[in-house]
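Enquirer: Turn this into a model:
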Amino acid sequence: MGNPVIVEATRSPIGKRNGWLSGLHATELLGAVQKALVDKAGIAAADVEQVVGGCVTQYAEQSNNISRTAWLTAGLPEQVGATTVDCQCGSGQQANHLVAGLIAAGAIDVGIACGVEAMTRVPLGANRGETGSPRPDSWDIDIPNQFEAAERIAKRRGITREDIDAFGFESQLRAKRAWDEGRFDREISPIEAPLLDEQKRPTSERHEVSRDQGLRDTTLEGLSQLKPVLEGGIHTAGTSSQISDGAAAVLWMD
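Expert: The predicted structure follows:
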């Protein structure tokens, strides 16, 4: 039996929809992070025995086993195997569980867990509906969307609009303070991505992205004036996750 431990980890900055990373192909985004992890750890890429990546929308640029295509796109050794998993909503976490499990079982000594979602280029749900629904007529399970689920939880736990706005405001303040203090510097691998033109189309010019794009100045008063996403609800655009582009990778060893 092996003893799996995390040796190194890195991630890209997080870009907004149609933002700093949106001009980069999804495989290039993940591949850049995979290579950055190998370089950061100072290991030989050929020593990696398995790559497992998480990705929810495995369609278009993210189809055809993106963990593998990204690895090859980055120029990493073709003899390294890879697989991609979809576990909604914890695909990247499941990738880590699988790599750790392979090491614990004695199947491998070195593995990489990773994940990517380029939501600008491959929107959530893009892989549904073209050739049929994944839910047959016999499907009768009530699975609410994320906003409905959040509203149900808030009602059950007695969370108010004031509570959620205050939490969101404090989250922005803490994130900005952490960035200003350099607390994220070690985990970030800067990414080179195409600059966009006025129509948000990628150009031949490139720029380095080294900071999360979602941070912005806000006020508690401003948050309180936003309309709820659902009528009668408490969650707004200001207290919801943005549509993002990003990737991350973790090196596991015995």
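
Enquirer: and stretch 129-140, how far out from the chain's middle?
Expert: 27 Å (Cα atoms, centre = their mean, to the nearest Å).

Enquirer: Identify the residues contacting that stretch?
Expert: Applying Cβ atoms under 8 Å, 6 or more residues apart in numbering, the external contacts of stretch 129-140 come out as residue 128. In short, each C-beta sits where N, CA and C put it, glycine included.

Enquirer: end-to-end on it?
Expert: 18 Å (Cα to Cα, to the nearest Å).

Enquirer: check which helix or strand covers the closest residue to residue 120 other than its chain neighbours.
Expert: Nearest in space to residue 120, with sequence neighbours left out and distances taken as Cβ to Cβ, 6 or more residues apart in numbering, is residue 22 at 3.9 Å. Here residue 22 is covered by no helix or strand, with elements defined by DSSP states H and E.

Enquirer: How confident was the prediction at residue 22?
Expert: Listed pLDDT for residue 22 reads 97.

Enquirer: can I assume it is in contact with residue 195?
Expert: No. Between residue 22 and residue 195 there is no contact under Cβ atoms under 8 Å: 10.7 Å.

Enquirer: Overlap in contacts, the two.
Expert: residue 202.

Enquirer: So between these two, which is more surrounded?
Expert: residue 22 (22 against 12; other Cβ atoms under 10 Å).

Enquirer: Next, the contact list for that one, please.
Expert: Counting by Cβ under 8 Å, 6+ apart, the residues that residue 22 touches are 15, 118, 120, 121, 193, 196, 200, 202, 245.

Enquirer: just residue 24 next, same as before
Expert: Counting by Cβ under 8 Å, 6+ apart, residue 24 touches 118, 191, 193, 194, 202, 245.

Enquirer: now with 7 Å?
Expert: Residues near residue 24 by Cβ atoms under 7 Å, 6 or more residues apart in numbering: 193, 194.

Enquirer: Pull up the gap between the residue nearest to residue 120 and residue 57, please.
Expert: 15 Å (Cβ to Cβ, to the nearest Å).

Enquirer: And residue 8, by the same measure?
Expert: According to Cβ to Cβ, residue 8 and residue 57 sit 27 Å apart.

Enquirer: and if you look at residue 239?
Expert: The value you get for residue 239 to residue 57, if Cβ to Cβ is used, is 24 Å.

Enquirer: Dump stretch 99-110 to CSV, restricted to CA.
Expert: Taking Å, rounded to 0.1, in the frame of the first residue of the first chain, the C-alpha atoms of stretch 99-110 are listed here in CSV:
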residue,chain,number,x,y,z
VAL,A,99,-4.9,9.8,-8.2
ALA,A,100,-4.6,9.4,-4.5
GLY,A,101,-6.4,6.1,-4.7
LEU,A,102,-4.1,4.8,-7.4
ILE,A,103,-1.1,5.6,-5.2
ALA,A,104,-2.7,4.2,-2.1
ALA,A,105,-3.4,1.0,-4.0
GLY,A,106,0.2,0.7,-5.1
ALA,A,107,-0.7,1.0,-8.8
ILE,A,108,1.4,4.1,-9.4
ASP,A,109,4.0,6.2,-7.6
VAL,A,110,3.6,9.6,-9.3
